[in-house]
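Asks: have a look at this prediction, sequence included:
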Amino acid sequence: VIARQHPGETMAEWFVEGMLDALLDPADPFGRQLLKESVFYVVPNMNPDGSVRGNLRTNAAGANLNREWNTPTMERSPEVFMVKEKMKETGCDLFLDVHGDEGLPYVFVAGSSALPTFTAEQRAAEKKFSDDFKIATPDFQDVHGYGETPYTAETITMGSPHITHAFGCLSLTLELPFKDNANDPDAQTGWDGARSARLGAAVLQPILQSLRSPK
């Protein structure tokens, strides 16, 4: 699970904090089961240098990390380079790249269907994750999102489709809103860090169901 490739998307890091709080809570049954059955590798902030500088989308070298996954370098995108090296060492069964979307006021996921190698089994795994996430929290929905997009050379440079291509696993970009969730608006607080954190706790259910699904 990685978050905040784009440093201005602070809701992504709040999401990870909520996920980790639930994962490490001995009273949380999903957290207990997941720690028995899996190992989590978590990067709460992929872009600390960009965060310190107040950047919206780039790191200290001026790179948009979510366009660096195909050929990262230590000079331009060390954050992606080192995470990929660790993933090669450990393998990967599920990948979540958490973001915030400036345009769509919803929580949704974007998958890897643009890949020419995308399979029916991978499409079914994406749908199951979405279906389980909708059960876990009404803040998540699958009506509004990016929709189907054609494959271009840029596709393979982005985190989630690149990981599907490299490891064959379920790999999703999770988008959170900036101002409010039109699926369940809150006139007083809108979308805030607390709602991001609660969404992070809720994601443990679809993660567990996904890892338990027959491969």
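Replies: Done, it's in.
Asks: give the residue spans of this protein that score low on pLDDT.
Replies: 215 (pLDDT under 70).
Asks: give me the neighbour count for S77.
Replies: 25 (other C-beta atoms under 10 Å). Where C-beta positions appear, they are placed from N, C-alpha and C, glycine not excepted.
Asks: so it touches N59, yeah?
Replies: Yes: the pair S77 / N59 is scored as a contact, 6.8 Å apart, by C-beta atoms under 8 Å.
Asks: CA atoms of the helix ranked longest in the chain as CSV?
Replies: Using DSSP state H, we find that the single longest helix of the chain is helix 120-136. The C-alpha coordinates for helix 120-136 follow below in CSV (Å, rounded to 0.1, in the frame of the first residue of the first chain):
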residue,chain,number,x,y,z
ALA,A,120,-10.9,-11.8,-17.6
GLU,A,121,-9.7,-13.1,-14.3
GLN,A,122,-8.1,-9.7,-13.5
ARG,A,123,-11.3,-7.9,-14.4
ALA,A,124,-13.2,-10.2,-12.1
ALA,A,125,-10.8,-9.6,-9.2
GLU,A,126,-11.2,-5.8,-9.6
LYS,A,127,-15.0,-6.2,-9.6
LYS,A,128,-14.9,-8.4,-6.5
PHE,A,129,-12.7,-5.8,-4.6
SER,A,130,-15.2,-3.0,-5.6
ASP,A,131,-18.2,-5.1,-4.6
ASP,A,132,-16.7,-6.0,-1.2
PHE,A,133,-15.6,-2.4,-0.6
LYS,A,134,-19.2,-1.2,-1.2
ILE,A,135,-20.3,-3.6,1.5
ALA,A,136,-17.6,-2.4,3.9
